[in-house]
Each structure stands twice: as C-alpha cells, then as structure tokens.
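Asks: based on what follows, work out the 3D shape:
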Amino acid sequence: MLKKILFLLLPALLLAGCAAGRPQIVLETEKLALGDVVNGEIIVRDVTVYNRGAADLTVAAVSTSCGCTSATLEPMTIPAGGSGVLHIEFDSGAHGPALTGELLRQVFIASDDPERPEVVLEIEAEILPPVGP
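Replies: Residues are numbered from 1 along each chain as shown. I've put the predicted structure just below:
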C-alpha cells in the first residue's frame, strides 16, 4: 500500500519541484484606465512588473499595438522575488487632432515565464477634442 501511495505521489512531487524553479511574471495591473485625455496630451505612467517565481525572469521583448504608445522595461532580467518598472508613454495626438472617442491600446511583454509567455497590459482612454487657440 505504501508503495502504491509513493508511486502516485512521486510525479506530483517532481512536478512541484520543477515548478518551483521557474519564473512567474505578475503585473501590478493589467488595465490602465486613463479617463478623459485631451487630444495632444502625452500621458506617462509606470507599472511595476514582479517576478513571483523562484528563477530569474528574462523579458525578451516589450512592444506596443500602435506607434502612439511606447514602453520600456528596466531591468529586462528580474531576479526571483524582484521587480522592475514598465515605463509607458501615450501620445494622444499622434493620430492628428481629428481623433476623438474611446481608444484602446496594448503593451505586450514577452518573457520566459512558461505559464504566461506573453502578458498584455491594456490602456483605455477617452480622447477629447483638442483645446482651441
């Protein structure tokens, strides 16, 4: 009976041991609601990126869905239990003064987290007409 129990538990213990040595990416938030933004404003935000795993998290790339949004991460390798800063800049006037209304953009982070190789941060804004002269 003891052999049977050990036989059943051994794979679970091995998997748990393997998982413990993996990185795990966690974002402070996965949605930034900027609210009302006047066309032409540049909005800057920082979001903390955590590594809740037991191995270094290596970020291969940070990209965005549109040229109106830029994002950088420092550092690109986050130690186990550590954190980094995702710096985001959104230029609401990048598409010209005629753009108004709801806007949704994304920041994509590709890493070596085996459970979440890509995480997405969504940015929402309501673009208002530019202020006249």
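
Asks: and residue 79, how far from residue 127?
Replies: Going from residue 79 to residue 127 by CB to CB, to the nearest Å gives 39 Å. Glycine gets a C-beta too; all of them are placed from N, C-alpha and C.

Asks: quick one: which of these two has more around it?
Replies: residue 127 (20 against 14; other CB atoms under 10 Å).

Asks: in three-state terms, label the more buried one for me.
Replies: Classification of residue 127 by DSSP: H, G, I helix; E, B strand; the rest coil places it in strand.

Asks: start the count at 57, not 1, going forward
Replies: Taking 57 as the first residue, the last one we looked at is residue 183.

Asks: quickly list what it is bridged to.
Replies: Following DSSP bridges, residue 183 is listed with bridge partners residue 93, residue 157.

Asks: list the contacts for residue 97?
Replies: Applying CB atoms under 8 Å, 6 or more residues apart in numbering, we find residue 97 in contact with 148-149.

Asks: I'd assumed residue 175 was in a helix, is it?
Replies: No. Read with three-state DSSP, residue 175 is strand and lies in no helix.

Asks: ok, it touching residue 86?
Replies: Yes. Using CB atoms under 8 Å, residue 175 is in contact with residue 86, at 7.1 Å.

Asks: for these two, indicate the residue with more neighbours.
Replies: Taking other CB under 10 Å, residue 175 and residue 86 do not tie; residue 175 has more neighbours (17 against 12).

Asks: which helix or strand contains the nearest residue to the more buried one once chain neighbours are set aside?
Replies: Excluding the flanking residues, the one nearest residue 175 by CB to CB, 6 or more residues apart in numbering is residue 165, at 5.0 Å. Per DSSP states H and E, residue 165 falls inside strand 157-167.
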